[in-house]
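> would you be able to build a 3D model of this:
(one chain, ligands or ions: 1)
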Amino acid sequence: MIELRTPTQVEQMRPAGRFVADVLTALADAADVGVNLLDLDALAHRMIKERGAESCYIDYHPSFGGSPFGKVLCTSVNDAVLHGLPHDYVLADGDLLSVDFAASVDGWVSDSALSVVVGTPREEDLRLIETTTRALEAGIAAARVGNRLGDISAAIAEVARGAGLTINTQFGGHGVGRTMHGDPHVPNDGRAGRGLKLAEGLVIAIEPWFLHTTDEIFTDPDGWTLRSADGSRGAHMEHTVAITADGPLVLTARD
Ligand code: MG
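This next block holds a predicted model:
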């Protein structure tokens, strides 16, 4: 079911967006060569406790997950791109890390993700992150009253194809509200002018993710982490966006 939020409710969603943005900023600052993924999870866990927020991940157990997630963020490194289960791994020079974080504050959820390279970057990884960022920006720009869902998808896909990337539509964006995953599904590819008409008060996570040379993924034996079929690296950028009368409002915008 698609739920629309009143302007007052959108205002009430701001603290969650602010908090998720602050945690991602702290994680991006902390991520470095020699840092363990479990330390990043512990940092986010600490911030959740201090803020009196609630993790959307720790008890998460959907049909595609092997068991309750047990951590408060996703850390996907190199050929892992989505749903990476934090484990005992120390970041090495040149690693491409994607961090996905969602939490609830005052009963409202926000969801956001970013990719960074630790240490010495490969040129191609920086380019992939830059393309994914541009795709997110294009998707957000299309999130306007009167447009259709397909306009967001098509805007994302145009950036990806322009960079020679292929697109997996199995996992994409989603409605966000009292819970992390609601309707509608927001695919990273689609036809402009088609699909749901975008109305004021629709709040969605827009989240392009791409791999260098494939759009095929498989699930790691840990039951969660999604890796590229050919070992190529991935990037993932996500914001929670409210469609307002004044245009798209990025609730998880970082300073
Ligand atoms: Mg997310």
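
> which residues does the residue lying closest to Asp39 once chain neighbours are set aside contact?
Distance criterion Cβ to Cβ, 6 or more residues apart in numbering; nearest residue to Asp39, sequence neighbours excluded, is Ala30 at 7.5 Å. Backbone N, C-alpha and C define where each C-beta goes, glycine included. By Cβ atoms under 8 Å, 6 or more residues apart in numbering, the contact list for Ala30 reads Asp39, Leu40, Leu43.

> quick one: which of these is nearest to the ion?
Nearest to the ion among the contacts of Ala30 is Leu40, at 15.3 Å by Cβ to the ion.

> could you give the number of residues near the closest residue to that closest one other than its chain neighbours?
Spatial nearest neighbour of Leu40, chain neighbours left out: Leu27 (5.6 Å); criterion: Cβ to Cβ, 6+ apart. Using other Cβ atoms under 10 Å, Leu27 is surrounded by 22 other residues.

> what comes up buried for the strand or helix carrying Leu27?
If you go by DSSP states H and E, Leu27 is part of helix 14-30. Of the residues in helix 14-30, Arg14, Pro15, Ala16, Gly17, Arg18, Phe19, Val20, Ala21, Val23, Leu24, Leu27, Ala28 count as buried by neighbour count, 16 or more other Cβ atoms under 10 Å.

> buried ones in the very next helix or strand once past it?
For helix 14-30, the succeeding helix or strand toward the C-terminus, using DSSP H and E, is helix 37-51. Judged by neighbour count (16+ other Cβ under 10 Å), helix 37-51 contains these buried residues: Leu37, Leu40, Asp41, Leu43, Ala44, His45, Met47, Ile48, Arg51.

> helices along the chain, start to end?
Using DSSP state H, the helices of the chain run over residues 7-12, 14-30, 37-51, 123-141, 149-162.

> any chance of CSV for those helices, columns distance to Arg191 and mean pLDDT?
As requested, those are exported to CSV (distance: least, Cβ to Cβ, whole Å; pLDDT from 0 to 100):
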stretch, distance to Arg191, mean pLDDT
helix 7-12, 28, 98
helix 14-30, 30, 98
helix 37-51, 37, 98
helix 123-141, 14, 98
helix 149-162, 5, 98
